[in-house]
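Student: The following block contains a protein sequence and its predicted model.
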Amino acid sequence: MVGPDHAQDIVATALTSVLERRSPPPIIDMRSFLFRTVHNAANHHWRTQNRRLRRQREVLWTERYEDHPDCDPTIRRALNAMSLRQRAVIYLAYWEDQTNAGIATTLGISLGSVKRHRMRALQRLKEHYT
């Protein structure tokens with residue numbers, strides 16, 4: 001599930017979590033219990049890694065607009081007032097010309113989230129220009 005580089009760490013983490021329990025639950029089938037514990041540790045590893053990678057991708061995408069020569073200072077102030085996700089959506093939509101589906105794939109979020117963040121970001125831009 002996690003590859004040979006992380007397998008030993010996952011097994012060690014799973015076994016440590018079992019041994020650290022003060023009152024372990026009644027275990028009928030020890031083998032199944034240990035497999036399930038390792039499986040849960042691997043899932044936790046993937047969730048944590050994916051969240052970290054998603055945050056890094058968002059930061060990389062949103063830092064690019066600051067060096068763009070066509071970016072007006074008023075727009076920069078409005079972008080800095082937005083959340084990281086809103087900035088990423090606006091950057092990908094208007095500087096990289098991606099579709100909502102492409103943005104969702106790039107950021108690893110749902111299409112509905114892209115639409116919501118885009119709408120809120122556009123409202124924030126309007127507030128700065130009115």
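Tutor: Structure's in. What do you need? Not measured: the values here are computed from a predicted model.

Student: Quick one: list the elements packing against the helix ranked longest in the chain.
Tutor: In the chain, with assignment by DSSP state H, the single longest helix is helix 30-63. Counting by 3 or more CB pairs under 8 Å, 6 or more residues apart in numbering; DSSP states H and E, the packing neighbours recorded for helix 30-63 are helix 4-19, helix 84-90, helix 100-107. No exception for glycine: its C-beta is placed from N, CA and C like everyone else's.

Student: Where among those helices is average confidence lowest?
Tutor: Comparing mean pLDDT across the helices and strands packed on helix 30-63, the weakest is helix 4-19, with a mean of 80.

Student: domain parsing for this protein?
Tutor: Recorded structural domains for the chain (assignment: automatic domain parsing) are 4-55, 70-129.

Student: Can you tell me which of those domains is packed in deepest?
Tutor: Ranked by mean neighbour count, the domains of the chain are led by domain 70-129 with a mean of 16 (mean count of other CB atoms under 10 Å).

Student: which other helices and strands contact the lowest-mean-pLDDT helix or strand in the chain?
Tutor: The element with the least model confidence among the helices and strands of the chain, by mean pLDDT, DSSP states H and E, is helix 73-80, at a mean of 74. Contacts defined by 3+ CB pairs under 8 Å, 6+ apart place helix 73-80 against helix 111-129.

Student: quick one, the helix it packs on and helix 100-107 angle?
Tutor: When axes from the mean of the first three to the mean of the last three CA atoms, to 10 degrees is applied, the directions of helix 111-129 and helix 100-107 differ by 100 degrees.

Student: Alpha carbons only: can I get helix 111-129 in PDB?
Tutor: Listed in PDB are the C-alpha atoms of helix 111-129, where the atom choice follows Å, rounded to 0.1, in the frame of the first residue of the first chain:
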ATOM      1  CA  LEU A 111     -15.700  20.700  -8.800                       C
ATOM      2  CA  GLY A 112     -18.200  22.300  -6.400                       C
ATOM      3  CA  SER A 113     -15.400  23.500  -4.100                       C
ATOM      4  CA  VAL A 114     -13.700  25.100  -7.100                       C
ATOM      5  CA  LYS A 115     -16.900  26.900  -8.000                       C
ATOM      6  CA  ARG A 116     -17.500  28.100  -4.500                       C
ATOM      7  CA  HIS A 117     -13.900  29.400  -4.000                       C
ATOM      8  CA  ARG A 118     -14.000  31.100  -7.400                       C
ATOM      9  CA  MET A 119     -17.300  32.800  -6.600                       C
ATOM     10  CA  ARG A 120     -16.000  34.000  -3.200                       C
ATOM     11  CA  ALA A 121     -12.700  35.200  -4.700                       C
ATOM     12  CA  LEU A 122     -14.600  37.200  -7.400                       C
ATOM     13  CA  GLN A 123     -16.700  38.800  -4.700                       C
ATOM     14  CA  ARG A 124     -13.600  39.700  -2.800                       C
ATOM     15  CA  LEU A 125     -12.200  41.300  -6.000                       C
ATOM     16  CA  LYS A 126     -15.300  43.300  -6.500                       C
ATOM     17  CA  GLU A 127     -15.200  44.600  -2.900                       C
ATOM     18  CA  HIS A 128     -11.700  46.000  -3.600                       C
ATOM     19  CA  TYR A 129     -12.700  47.700  -6.800                       C
END
